[in-house]
Each structure stands twice: as structure tokens, then as C-alpha cells.
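here is a sequence together with a model predicted from it:
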Amino acid sequence: MRNAYLDQTRYVDAQAYEKYQRYMGQELVVSECVVGSPSQVFDAWLEEVWLAGGLELHEGEGRGYVGHVRGVILGVEEEILSVGLPIDDLVDSDGGRPSLAATQRDCSKIPSICYKIRKFGQFPLQKHFAFVQFVDVAASPESTPATLVIWSLKVQPSVIGYLFCCGGLIKFILRSTIQSLLKALALKKYSFFLFHIPFIRHKNVLLQLLYPYFSFIFFNQSLRSIRDTMADRYVDAASFEAYTDSDGQELILSHLVNTSVDKAYDAWIRMEWFGRGSTLKAGEGCGLVGHRRLVSLGVEEQILSAGPPDDSDRIPSVRYSMQKSGPLLLSDHVALVQFIADSTAPFSQPKTLILWKSKLTPSTLGSVLLCGGSIARLVLRMVISSSLQEIAASFPHK
């Protein structure tokens, strides 16, 4: 069932992506938009997050540091298993001459880094697997380069870990740590790591666990200016800012479809919004703002704001929320669907990346009965994946 929703061919390291999808565990996803091309941000993540954020225990090989082992807090050891290197051009580095392998490369494929915890130390986990992807979200080749870093991981708490809210506290600590690291990466502030490393080496366990919160507060104001710059790339900048400022457990899915941004946007409205629900209240304007629909399980959703395609190279989007979550037992939910033109596709064969992001907060009852929101995320993942597959199938490759 699950394989029907996969599109591993979009990744440079398709094998790692498929392995991550098959891995069992509680999932955690954090994302951040960073100024720079996927190639630049890929290298920056390795240098400023991986290498600067730990003590080297074993050297890695090549540009992606495959096999590199680092020591971090609480005696934890992490290892890079594989990477999907960014495809910068179609010319091989050896000799400078194009080869058959080079000409077969697809520059639109997503670079990635796959790693795991190989020694858990004092951290209450027994399984861990992570997959970091670098998605090109630049509006056009001429616009400011931008990369969406999607940091996903799956964990299984140890017996002790389950005592802390069924692993919820562990995921909260991991989420806060990853958020602070991605914010620092977006800010390009090396001073963060001067602050970060002493906590890694500190023997006080409490200080090691609290360092993400200090860094989060320290950089929060500076990050606002960067987000304002990123928001300018959207037709509806206010929607991007509102979604970014929202809290909750994040779920991110995407699919590359063989059509233009305008047609992808229209297809989403027609096939997803109208096709999978019945109208409870009509919306206004071409963005259907205020439109309310009833979907399966008695869930009610409403479009909060929209930025339909215009004549510019800015990114169209739709922001909506659940007004009634039904049996999903959510206290809050917001979603942002973005339609990003593939800048590497030829003009005669346009492609669009549909990036569907959701943030949800389980209610108290949902946290108890639905594993801290894990079941609600699983249901949403299946529904969204099915919708993206259906939209993509309506635009077969020519």
C-alpha cells in the first residue's frame, strides 16, 4: 500500500529515500527555508551542522563525508550512511569532458543525506533513522536561490523513553534541537557554533539538554528579517508568514507534476478541494477565500487565504485549516500548499513541484488516544499522498 505513494525517482539517492519510507518508528519532520542553492546549502549543512555540531570520531569519504562518525551530547554517536550529491552541472570532474553518465543526470533531482544513531549513550532511544533533503524552491533561475531543508527522522524510544509521555518528551527535545540548528543555518551565523560546542562537551546533562532553547531565543529576532525576505517570493506573503509563525507537529509531502504552475494550481482546486469534498459555504474571488468544505470522517476545512498565479515569478499558494477535526482529535491545524515552478525544466515542458505542508496540534484526548498525534499524521499522510498521486496522474509525461 505504502509504495503506491512513493516517488523515489525524484531523489539522487533513491535507495536511501525508499529505505527511510520503509523504516518503522515515530516520525518527526522539521523544515526551514535557507537562502542559497541546494548545492550550497548541502555543503553548508555538512560543515556548519554536522561537522561543527560534534566531535569527529571517524573520518568520512568524499564530498558527502560518507562513513563519518561524530560524537554529540549524552554520549550519542551518529554516522552518515549515504548521500545523494547535488548535481551542479553535466560535466564530470575527471578530465572535464561530458560522459554518458553525466548526460543522463537530472538536475531537478533532490540531494539528500542519510544518517543514523549508532550508539545511543544516555539518550533513551533504541532505534533511529534520519533523512535530510534539500529541495530547490527558487521561483526562477533569475531570482534569489532558495532551498527548503526538510529534516525527517524516525525513532523508537527505549523502555525508559516510553515513560516520558510515550516518547513525546524525547521528540520534543529532538524537535527543539533540530529547529535551533536549522535556524542557525538559515542565519549563516558561525557564532552559534561557538556557543553550541561548549554545551556538547559539558558534563552537566541538564545543560546539554537545555542548549537548544538558549540558541532558539538568541536567534529568534534575527530570523524574522530573513523570513520577511523569503515571504517576498510569494504571491500571498502574509500566508507564508502566518504559516511559518504557526506551531505544531509538521507534515511535509511533495510531488513533481508535468505541467505549468497555473495548471497545477487549477488542478489542485478542481481535483482536491472540490473533488474530495462537498461545499458547506461558498468562497470569494479566484482564491475561494472563505470556502468551507466537508470531507471524510466529518472533517470540515476552510480556505483562510490564497495567492493564485499571476504574471510574476512569485510562488502561488493556498492556506487552509480544519475547523472541525472529527475523530482526528486535533486542537489546531493549518496547511500551506505551494506551487513552485521547476527552474530546470525546458520552457516547452514545464514542471511544477507541489509542496504540501501541514502543522497540527493534537488535543489532550488526541495525545492520549492517538499516540501524541501520530495516528492523525498517518491518516493525513495517506490522504495527501493519494491526492498528489491523482493530480500527477492527470498530467502524464509527454
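Received the coordinates, thanks. This structure is a prediction, so every number in the text was calculated from the model and none was measured.

can you pull out the helices in this protein?
Under the criterion DSSP state H, helices of the chain are mapped to 14-22, 38-44, 100-103, 159-163, 168-187, 191-201, 205-231, 237-245, 261-267, 364-369, 374-393.

show me what the last one packs onto, helices and strands only.
Where contact means 3 or more C-beta pairs under 8 Å, 6 or more residues apart in numbering; DSSP states H and E, helix 374-393 is packed against strand 26-35, strand 249-257, strand 352-362. Every residue, glycine included, has its C-beta placed from N, CA and C.

let's see that helix as PDB, backbone CA atoms only.
What follows is helix 374-393, C-alpha atoms only, in PDB (Å, rounded to 0.1, in the frame of the first residue of the first chain):
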ATOM      1  CA  SER A 374       1.000  10.000  15.300                       C
ATOM      2  CA  ILE A 375      -2.200   8.300  14.100                       C
ATOM      3  CA  ALA A 376      -3.600  11.700  12.900                       C
ATOM      4  CA  ARG A 377      -0.400  12.400  11.000                       C
ATOM      5  CA  LEU A 378      -0.500   8.900   9.400                       C
ATOM      6  CA  VAL A 379      -4.100   9.400   8.200                       C
ATOM      7  CA  LEU A 380      -3.300  12.900   6.800                       C
ATOM      8  CA  ARG A 381      -0.200  11.500   5.100                       C
ATOM      9  CA  MET A 382      -2.200   8.800   3.300                       C
ATOM     10  CA  VAL A 383      -4.900  11.200   2.200                       C
ATOM     11  CA  ILE A 384      -2.500  13.900   0.900                       C
ATOM     12  CA  SER A 385      -0.200  11.300  -0.800                       C
ATOM     13  CA  SER A 386      -3.300   9.800  -2.600                       C
ATOM     14  CA  SER A 387      -4.300  13.300  -3.700                       C
ATOM     15  CA  LEU A 388      -0.900  14.200  -5.000                       C
ATOM     16  CA  GLN A 389      -0.700  10.900  -6.900                       C
ATOM     17  CA  GLU A 390      -4.100  11.600  -8.500                       C
ATOM     18  CA  ILE A 391      -3.100  15.100  -9.600                       C
ATOM     19  CA  ALA A 392       0.200  13.900 -11.000                       C
ATOM     20  CA  ALA A 393      -1.500  11.100 -12.900                       C
END
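
quick one: contacts of that helix?
For helix 374-393, contacts defined as C-beta atoms under 8 Å, 6 or more residues apart in numbering pick out 4-5, 7, 26-27, 249, 251, 253-258, 264, 267-268, 271-272, 276, 296, 325, 328-330, 354, 356, 358, 360, 362, 366, 370.

and Thr147, how many neighbours?
By the criterion of other C-beta atoms under 10 Å, Thr147 has 27 neighbours.

any idea what it is bridged to?
Val34, Asp136 (DSSP bridges).

next, work out how far apart it and Val34 are.
Distance, Thr147 to Val34, using C-beta to C-beta, to the nearest Å: 5 Å.

between those two, which contacts overlap?
Both Thr147 and Val34 are in contact with Val41, where contact means C-beta under 8 Å, 6+ apart.

that older thread, which of the contacts of helix 374-393 are buried? Put it as a PyMOL command.
Buried residues within these, by 16 or more other C-beta atoms under 10 Å, are selected in PyMOL with:
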select buried, resi 5+7+26+27+249+251+253+254+255+256+257+258+264+267+268+272+325+328+329+330+354+356+358+360+362+366+370
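
tell me where the model's unsure across this protein.
Along the chain, segments meeting pLDDT under 70 span 1-7, 89-107, 139-140, 161, 164-167, 188-229, 398.
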